[in-house]
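**Q** sequence isn't available, so here's the structure alone:
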């Protein structure tokens, strides 16, 4: 597989181009570490009215496929089912966004976020092959907590296999954007001593923290198991490090001021 | 204004109905405390291909309006500009999702998130009145850090007013979903001693934590200012409390198993 996605419409980023990425590995990592994806589709193809749904998803490479796909798990209405029933499926757009910091600058217009975002475009169909569905269920479950699938009552029974709907999206184009680093202001404000003397500038790092696991009312396993403990401790350290290190990086190259280009 | 949104298509929640809310105040709070909204539209009305963009937004009530609107700030391409130029504007769907916990149960199919989500449907137009634009810029800036606007170099100059694009969305329908509480499993697994004895069940609370603010390289203000300090400490306490208390609530009412209803 190619190491970058092609820069073609509709995924071409024309705004803040220096923050754009088409790198396959960067885009897949953003998607695969985002706990809630936002999936958009048009329920009635005769009217341009979109719907966005939060779903859980993962990009993974099913062994018999030529390339990785994005597997999406969540509520699939019968309307969406029908639209996704036959190839090429329904046009989908998937967005994954991670907030890494609040960038506070001298004036409101230069305020920013440190963030990582990815957008995938493509068509989605329903997985109807049980073997692939089982594979995708395992992929998605273990994306929430690694090794969780094998540490629960598996395999799913017939009723569970029947009731689970997985959307499989062919990634036809994709793009990402990453902003990290220190605050960045415009020359006109950097020359004003009164502004520099009075406005605090800096970054508030942000990360999604996992708190101490709390056993439920019918839990009989006394110790928090190793796969949960390792996940909580490892993720917190990793996420904290990313958010805090993102602050110290140099500011991105000066952005190009072109409001009217196509996006 | 009514205290609930009407239960009409397209916002009617038919899946896990007991988790649904149409309460105006609940929905507005979810939107207004979510740092990144996901906004969907159809760039070419002749093809049902949606786009999702991450944007910053706030629901607010402009004094001369009859009702609150959702103000969205982010990259507005010339394509989106044209579609939103004249009333009634462009159909938009806005989603706000907050993850509050990972709910680990006996079997993959009953795993869940504690979360709060809201979806708004309506039409968006570009704000072209400078007074309202200024008001919205203040609303959006202060949603990132309260009182930030007045603690920076304001007002925006002419160039900044010109380059800022704000989308104003009329909220034509809306719905929310909230899941909180302890794990919940099905009777078939609750009867299995081997499963109960071996699978840890519980919740990992999750919240978006704000780390210690880091002054940037041209910052001259020695102390982190009061408005930033108060925000970081207050938000962390509030978010931690919500995520941890959400765990201890009773499980939602047993969900209705109907995969084929309309969503």
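**A** Everything's here; your move. Note that the structure is a prediction, hence the values are computed from the model and not measured. Residues are numbered from 1 along each chain as shown, chains lettered A, B, ... in the order given.
**Q** tell me where chain A is predicted with low confidence.
**A** Residues of chain A meeting the criterion pLDDT under 70: A:1, A:8-17, A:253-263.
**Q** okay, which residue is most central for it?
**A** Centroid check for chain A by C-alpha atoms, centre = their mean gives residue A:96 as the closest residue, at 2.5 Å.
**Q** how much space separates residue A:107 from residue A:35?
**A** Applying C-beta to C-beta, to the nearest Å, the value for residue A:107 to residue A:35 is 34 Å. For the C-beta atoms, the positions are set from N, CA and C on the backbone; glycine is no exception.
**Q** between those two, who's got more neighbours?
**A** Using other C-beta atoms under 10 Å in any protein chain shown as the criterion, residue A:107 and residue A:35 rank with residue A:107 on top: 22 against 18.
**Q** nearest residue to the more buried one other than its sequence neighbours?
**A** Spatially, and ignoring its direct neighbours in sequence, residue A:107 is nearest to residue B:153 (4.3 Å; C-beta to C-beta, 6 or more residues apart in numbering or on different chains).
**Q** so which strand or helix has that neighbour?
**A** Assigned by DSSP states H and E, residue B:153 falls within no helix or strand.
**Q** correct me, but it touches residue A:109?
**A** No: counting by C-beta atoms under 8 Å, residue B:153 does not reach residue A:109; the two are 9.5 Å apart.
**Q** what about the strands in the stretch 1-150 of chain A?
**A** Secondary structure of the stretch 1-150 of chain A, counting by DSSP state E, counting those that start in this stretch: strands at A:20-21, A:37-41, A:51-60, A:69-73, A:90-104, A:112-126.
**Q** who's in contact with residue A:105?
**A** Taking C-beta atoms under 8 Å, 6 or more residues apart in numbering or on different chains, we find residue A:105 in contact with A:111-112, A:183-185, A:201, B:152.
**Q** go with 6 Å
**A** By C-beta atoms under 6 Å, 6 or more residues apart in numbering or on different chains, the contact set of residue A:105 is A:111, A:183, A:185, A:201.
**Q** check residue A:53 too.
**A** Contact analysis of residue A:53 by C-beta under 6 Å, 6+ apart lists residue A:39.
**Q** beta partners of it?
**A** Residue A:53 has these beta-bridge partners by DSSP bridges: residue A:39.
**Q** and the gap between it and residue A:133?
**A** The value you get for residue A:53 to residue A:133, if C-beta to C-beta is used, is 20 Å.
**Q** tally of neighbours for residue A:146?
**A** 15.
**Q** how about the contacts made by it?
**A** Counting by C-beta under 6 Å, 6+ apart, residue A:146 makes contact with residue A:231.
**Q** apply 7 Å and report the result again.
**A** Residues near residue A:146 by C-beta atoms under 7 Å, 6 or more residues apart in numbering or on different chains: A:227, A:231.
**Q** ok, now residue A:119?
**A** Residue A:119 neighbours (C-beta under 7 Å, 6+ apart): A:11, A:93, A:95, A:174-175, B:52.
**Q** with neighbour count added, can I get those in a markdown table?
**A** Supplementary listing: these in a markdown table, determined by neighbours: other C-beta atoms under 10 Å in any protein chain shown:
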| residue | neighbour count |
| --- | --- |
| A:11 | 22 |
| A:93 | 27 |
| A:95 | 25 |
| A:174 | 25 |
| A:175 | 21 |
| B:52 | 27 |
